[in-house]
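J.: test case, fold it:
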Amino acid sequence: MTYISFNFYVFVTLALILYYIVPVKLRWCILLAANMMFYLAVCRTGWWILCGTVLVSYAAALWLNRCHGTGKKLLFAAGVISVIILWLFFRNGNFIWHNVLGREPYTLIVPLGISFYTMQIIAYLADVYRGDISPQKNPAKYALFITFFPQILQGPIPRYQQLGQQLFCGHLFDEAKFTRGFYLIIWGFFLKLVIADKAAVIVNTVFDHDLAYGGGYIWMASVLYSIQLYADFLSCTTLAQGVSLLFGIELMKNFERPYLAVSVKDFWRRWHISLSSWLRDYVYIPFGGSRNGKWRKYRNLAVTFLISGIWHGAGLPYLLWGGIHGFYQIAGDAAESLKEKMFACLQIKPDSKGRRRFEQIGTFLLVNFAWILFRADTAEIGIRMIKHMFSEFNPWIFFNDRIFTLGLGWKEMAVLLSAVILLFAVEKKQEEGIVISECIMMQRLPVRWLVCMTGICVIMVLGTYGYGFDVQDFIYGGF
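T.: A predicted model of the protein is given here:
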C-alpha cells in the first residue's frame, strides 16, 4: 500500500471519517489505530521490530528523566546504541556479514522506514537527555509520535517539539488546511507520475547498461537522475504533508528549492532539511561544530557527511557520495576568500544575477557528479561513467533521434520536458516568495475546481500510467 495507490486513499478516507466523527479528545486514538493498521499492511514482518524499538526508547526516556550525572550519560548512550545496533543489523547487517566478514549472504527483510524512525528516536532521546523536552509519559501517545503513518516510511524526520502536541490535541475540521492538503496531494502525484517515473525510464536504461553508453547519453541520464531523485523525494514529502493537512496536522518542510542553491553548503540548507538539520544538531554540533579552529571544523564536516553516506546505504558508493559532499563543503569553505577576490577582480558584484546563475549552475554540476556515484551499482561503475562523460564526444545524439531509443518517444520526452519546465517555473516563483497554492485558494470556487480537475486530468492522461509503464517505488522508501 504505497502513497500513490488507490488502497492508500481508501484507507485515508476511512481514517478521516472516523477522525472527525469521534470526540476531539479521542481523535489521537484514531490516528494511533490508523498507524498500527498501516504499518501492519505495508510491513507485517517488521512490526515486532518497530514495537520493540518503541518500547525500549520509551522506557529509556523515562529513566533518563530520573537519572543524573554519570548514570544519566551511560543510560543515554545505552539507549542510543541499542537503536543504532538494531538499525545496523537490519539495514547494513547483510553487507557487513558478506562483504566485510566474507560469509555467505542471508535473506533478511528490512523493516520499512527503519532509517527514518531510528533517527527520530535518537533525536527524542537526545532532547530528553539535554532537558529540551519532558518525556511523554503515555506510552500510546509516544507510539503515536513515532509511528505517524504519513511520514514514517519516507520522512520528513520530525522533532517532538514540532509534531507531538499536534498529534495529541485533536483538530477540528479546517477547510483551508483540508483544501491545501488536497492541492499538495495533486502536486505530489504530478511530481511522481509525470516527472520522476518518466525520467526513470531513461535513467534505468543508461545506468543499467552503462557499458553501452557514453558521452551525451551519460550527461543526459545523470541530469535526469538528479531531476528524478528530486521529484521523487519531493513527491513523497509533499504527499505526506498533504495527507497530514487533511487531519489538520502540519509537517515540517523538507525542501527549499535545492537546485537553486548557490553553493553546496546552501544546497544542504535546502535539500532534505529534516536530515541535514538532524545531522547538524545531533552529530556536527556535539562533535564540536565550527569551534576550536578550522581543522577540527573540517574534521567534523567530514565525519558528518560520512555518517550521512552510511545512513543512505551500505557500500562504497554511498560512502564515496558522503565523502565527496564533505570534500565539497571543506573546499568551499577554504576557498571562500579566494573566490570573493576573484569576483572582485572581475568586478562582479555579489548580488548580480550573472554571478548567481554561474554559482547555481556550478553547484548543480557538482551535486550531479556526486549523484552518479549515488545511483551507480558500484563505485567502479560510477567512476567509469563519470570518465566516459568526458572521454566520448557525441553531441549529435541530440539531433539524430538517438535519444528516442532510450525508452521514451518524442511525445513522452516532450511531456517530461514540459513538466520539468513547469516545476522550475513554480520553484522560481516560490523563490520570489509567491506560493502557488495560496494564489489558487484566493480564486473563486469555480476557478479552484477547474485547476484541480485540470491537474487530475493531466496526471491521468500524461502520467506514467498513461503510457503503460510500471509505477516505480519511491526511491527514499528503500531507506
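
J.: alpha carbons only for contacts and neighbour counts from here, please
T.: Will do.

J.: the residue nearest to Q136 when sequence neighbours are not counted: which element?
T.: Counting by C-alpha to C-alpha, 6 or more residues apart in numbering, Q136 lies nearest to Y142, which is 6.0 Å off, once chain neighbours are set aside. Using DSSP states H and E, Y142 sits in helix 139-147.

J.: quick check: mean pLDDT across the next helix or strand after that helix?
T.: Heading C-terminal from helix 139-147, the first helix or strand you meet, by DSSP H and E, is helix 160-169. The average of the pLDDT scores along helix 160-169 is 92.

J.: so helix 160-169 versus helix 139-147, what angle?
T.: Helix 160-169 and helix 139-147 are oriented at 120 degrees to each other (axes from the mean of the first three to the mean of the last three C-alpha atoms, to 10 degrees).

J.: which residues belonging to helix 160-169 are considered buried?
T.: 160, 163-164, 166-168 (16 or more other C-alpha atoms under 10 Å).

J.: dump the residues you listed to CSV, plus distance to T53.
T.: Compiled in CSV, the buried residues of helix 160-169 are given as follows (distance: C-alpha to C-alpha, whole Å):
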residue, distance to T53
Y160, 17
L163, 19
G164, 18
Q166, 23
L167, 20
F168, 21
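
J.: report the backbone C-alpha coordinates of stretch 165-180 in CSV.
T.: Presented in CSV, the C-alpha positions along stretch 165-180 are these (Å, rounded to 0.1, in the frame of the first residue of the first chain):
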residue,chain,number,x,y,z
GLN,A,165,1.3,18.2,20.5
GLN,A,166,-0.3,18.4,17.0
LEU,A,167,-0.9,14.7,17.2
PHE,A,168,-2.3,14.6,20.7
CYS,A,169,-4.7,17.6,20.8
GLY,A,170,-7.2,16.6,18.2
HIS,A,171,-8.2,19.0,15.4
LEU,A,172,-11.5,20.5,14.3
PHE,A,173,-12.2,20.4,10.6
ASP,A,174,-10.3,23.2,8.9
GLU,A,175,-11.5,23.8,5.3
ALA,A,176,-8.4,25.9,4.4
LYS,A,177,-6.0,23.2,5.6
PHE,A,178,-8.0,20.4,4.1
THR,A,179,-8.1,22.2,0.7
ARG,A,180,-4.3,23.0,0.9
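
J.: which residues touch it?
T.: 20, 24-28, 31, 141, 144-145, 242, 245-250, 437, 441 (C-alpha atoms under 8 Å, 6 or more residues apart in numbering).

J.: what's the answer for stretch 191-204, then?
T.: Stretch 191-204 is contacted by residues 221-222, 224-225, 227-232, 234-236, 406-408, 412, 415-416, 419-420, 459, 462-465, 471-472 when judged by C-alpha under 8 Å, 6+ apart.

J.: and if you look at stretch 391-401?
T.: In contact with stretch 391-401 (C-alpha under 8 Å, 6+ apart) are residues 214-217, 403.

J.: rerun at 6 Å
T.: With contact meaning C-alpha atoms under 6 Å, 6 or more residues apart in numbering, stretch 391-401 is reached by 214-216.

J.: so which of those are in strands?
T.: Among the contacts of stretch 391-401, DSSP state E puts none in strands.

J.: so can I have TSV of those showing neighbour count, pLDDT and distance to Y58?
T.: As requested, the contacts of stretch 391-401 are exported to TSV (neighbours: other C-alpha atoms under 10 Å; pLDDT from 0 to 100; distance: C-alpha to C-alpha, whole Å):
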residue	neighbour count	pLDDT	distance to Y58
G214	22	89	52
G215	19	91	53
G216	20	92	53
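
J.: not counting its neighbours along the chain, what's nearest V451?
T.: Nearest to V451 is I440, by C-alpha to C-alpha, 6+ apart, at 7.9 Å.

J.: actually F145, sorry about that
T.: G164 is the one closest to F145 (C-alpha to C-alpha, 6+ apart), at 5.9 Å.

J.: distance of the one you found from I249?
T.: 10 Å (C-alpha to C-alpha, to the nearest Å).

J.: and the pLDDT for I121?
T.: pLDDT, read off for I121, is 95.

J.: tell me the domain ranges of the chain?
T.: If you go by automatic domain parsing, the domain ranges for the chain are 6-172, 173-251+376-479, 268-374.
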